[in-house]
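Trainee: fold the following and give me the result.
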Amino acid sequence: MSTGGVWSAPQQERSRRTHVAILAAGTELLEEGGPDALVVSAVAERAGVSVGGVYRRFGTKDQLLLALQERFTAGFLEEFQARVAGAGGEMDGPELVRLAVHGLAETLSTRARLLRVFILISTQNEAVLAIGSKAAQEVGMAFRALFRQAERAIVRPDPEAAIDFVYRVVYAACEHRVIHIAEDMESDRPLSWTALVDELSLAAQLYLFAQPPG
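Mentor: A predicted model of the protein is given here:
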C-alpha cells in the first residue's frame, strides 16, 4: 500500500512476487489497450491472483493506476541517467548537449507507448498530472546537472535558464511526437525521429554556444 504517495513492495518474498506480478500485468494492459484496459479483474487474471488480492494490495483501481505511474516514472529517470552516465571527463559543451538531448529523446522513445497513455489520462486526472509533472521536473534537474562543467562556455546571459529552456524545448518536441506519432503532422515535409533529434541537438548547441550575430 501507499504511504504519503510513495509505493513500496512488501518485504516477504511471496508477497513481493505477487506485488510485482500485479504491477507487470497492469503495465501490459495499459500498453496494449490504454486506460480502458485497466480493469481489476483483467489485471488479476493476468497476474494469476484473485481480484480481492489486487484490492488488498492497492485499495482501488485509481490507486493501482498511480502505483503503475510511479513505477513507470522511476524507471524513466533511471533509464535516462543510465543513458547519460558517460557524461564528464574530456567532453566539451557541444558533446554534452548531444549526449543529453539524445539520452532524453531515446528514453522518451523507448517508453513512448506507456508514456502516451499517462499523458492522455493526465488531461482528466489531476493526480496523474501531478505525478507526471513531478517526474518531468526530476528528469529536468538531472538534465541540467550534466552541464555544470560546461556552464562557463555558454554564451547566453543566464546559463542555467538557457539549459532549462533547452530541456523544455527538447522534451516538448519529443513529447508531441510521442503523442501524435506522425512525422508530417505539422508540415508536408516528413521528419523522422532520428532527424528530429539530430536537429534538436544541433539547435541546442547553437543556442547555447554560438555567439548571436550583431
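
Trainee: where do the domain boundaries of this structure fall?
Mentor: According to automatic domain parsing, the chain comprises the domains 2-59, 68-209.

Trainee: state the pLDDT value of the residue sitting nearest the centre point of the chain.
Mentor: Centroid check for the chain by C-alpha atoms, centre = their mean gives Phe76 as the closest residue, at 4.7 Å. pLDDT recorded at Phe76 is 97.

Trainee: name the element it belongs to?
Mentor: Under the criterion of DSSP states H and E, Phe76 resides in helix 61-83.

Trainee: using PDB, write out every CA atom in that helix.
Mentor: Coordinates of the C-alpha atoms in helix 61-83 are reproduced here as PDB (Å, rounded to 0.1, in the frame of the first residue of the first chain):
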ATOM      1  CA  LYS A  61      -8.300   0.900  -9.300                       C
ATOM      2  CA  ASP A  62      -7.300   4.600  -9.200                       C
ATOM      3  CA  GLN A  63      -4.600   3.800  -6.600                       C
ATOM      4  CA  LEU A  64      -3.400   0.900  -8.700                       C
ATOM      5  CA  LEU A  65      -3.100   3.400 -11.700                       C
ATOM      6  CA  LEU A  66      -1.000   5.800  -9.600                       C
ATOM      7  CA  ALA A  67       1.200   2.900  -8.400                       C
ATOM      8  CA  LEU A  68       1.800   1.900 -12.000                       C
ATOM      9  CA  GLN A  69       2.600   5.500 -12.900                       C
ATOM     10  CA  GLU A  70       5.100   5.900 -10.000                       C
ATOM     11  CA  ARG A  71       6.800   2.700 -11.100                       C
ATOM     12  CA  PHE A  72       7.000   4.000 -14.700                       C
ATOM     13  CA  THR A  73       8.400   7.400 -13.800                       C
ATOM     14  CA  ALA A  74      11.000   5.900 -11.500                       C
ATOM     15  CA  GLY A  75      12.100   3.600 -14.400                       C
ATOM     16  CA  PHE A  76      12.100   6.600 -16.800                       C
ATOM     17  CA  LEU A  77      14.500   8.600 -14.600                       C
ATOM     18  CA  GLU A  78      16.800   5.500 -14.100                       C
ATOM     19  CA  GLU A  79      16.900   4.900 -17.800                       C
ATOM     20  CA  PHE A  80      17.800   8.500 -18.600                       C
ATOM     21  CA  GLN A  81      20.500   8.500 -16.000                       C
ATOM     22  CA  ALA A  82      21.900   5.300 -17.400                       C
ATOM     23  CA  ARG A  83      22.000   6.700 -21.000                       C
END
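
Trainee: buried residues in it?
Mentor: For helix 61-83, a neighbour-count test (16 or more other C-beta atoms under 10 Å) marks 63-73, 76-77, 79-81, 83 as buried. To be clear about C-beta, it is placed using only N, CA and C from the backbone, and glycine gets the same treatment.

Trainee: remind me what that helix packs against, helices and strands.
Mentor: Applying 3 or more C-beta pairs under 8 Å, 6 or more residues apart in numbering; DSSP states H and E, one finds that helix 61-83 makes contact with strand 2-3, strand 6-7, helix 13-33, helix 40-47, helix 51-58, helix 93-110, helix 112-122, helix 126-145.
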